[in-house]
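Peer 1: Sequence and computational prediction follow.
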Amino acid sequence: MAIIVWHISQPQNVYLSYDKYTKLKTGMSYKQCTEVIGKKGKLTTTSKSDDDVVKVYSYEDRASNMNLVFFNDTLLHKGQSGLKK
């Protein structure tokens, strides 16, 4: 007699979307971007020079990702891969 155990993995919580990505505008603060996305990003890079600070935050969700670059807490650049329109 064999016992079969089925394991059904729960899908990961999807929080990234192209719609949210398009709502992120240059000049927004990190806090504002976090409110749009609904989750804090992973700080991947910090660079300081005199009074200026550049920070890069990474977001990953299943097969998509997003990177946001902030200069003195102001969104300077954004990039994404895998987000569907």
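Peer 2: Now that the structure is in, tell me what you want to look at.

Peer 1: buried set for the lengthiest strand in the chain?
Peer 2: In the chain, taking DSSP state E as the definition, the longest strand is strand 52-61. Under the neighbour-count criterion of 16 or more other CB atoms under 10 Å, strand 52-61 has 55, 56, 57, 59, 61 buried. C-beta coordinates here come from the backbone N, C-alpha and C atoms, glycine included.

Peer 1: Direction-wise, compare whatever helix or strand comes next after that strand with strand 52-61 and give the angle.
Peer 2: Proceeding N to C from strand 52-61, the next assigned helix or strand is strand 64-71, under DSSP states H and E. Counting by axes from the mean of the first three to the mean of the last three CA atoms, to 10 degrees, strand 64-71 lies at 170 degrees to strand 52-61.

Peer 1: Distance from strand 64-71 to the middle of the chain?
Peer 2: 6 Å (CA atoms, centre = their mean, to the nearest Å).

Peer 1: tell me which strands and helices it is in contact with?
Peer 2: If you count contacts as 3 or more CB pairs under 8 Å, 6 or more residues apart in numbering; DSSP states H and E, strand 64-71 packs onto helix 30-37, strand 52-61, strand 74-81.

Peer 1: same thing but 6 Å
Peer 2: On a contact count with 3 or more CB pairs under 6 Å, 6 or more residues apart in numbering; DSSP states H and E, strand 64-71 meets strand 52-61, strand 74-81.

Peer 1: who does it pair up with?
Peer 2: strand 52-61 (antiparallel), strand 74-81 (antiparallel) (DSSP bridges).
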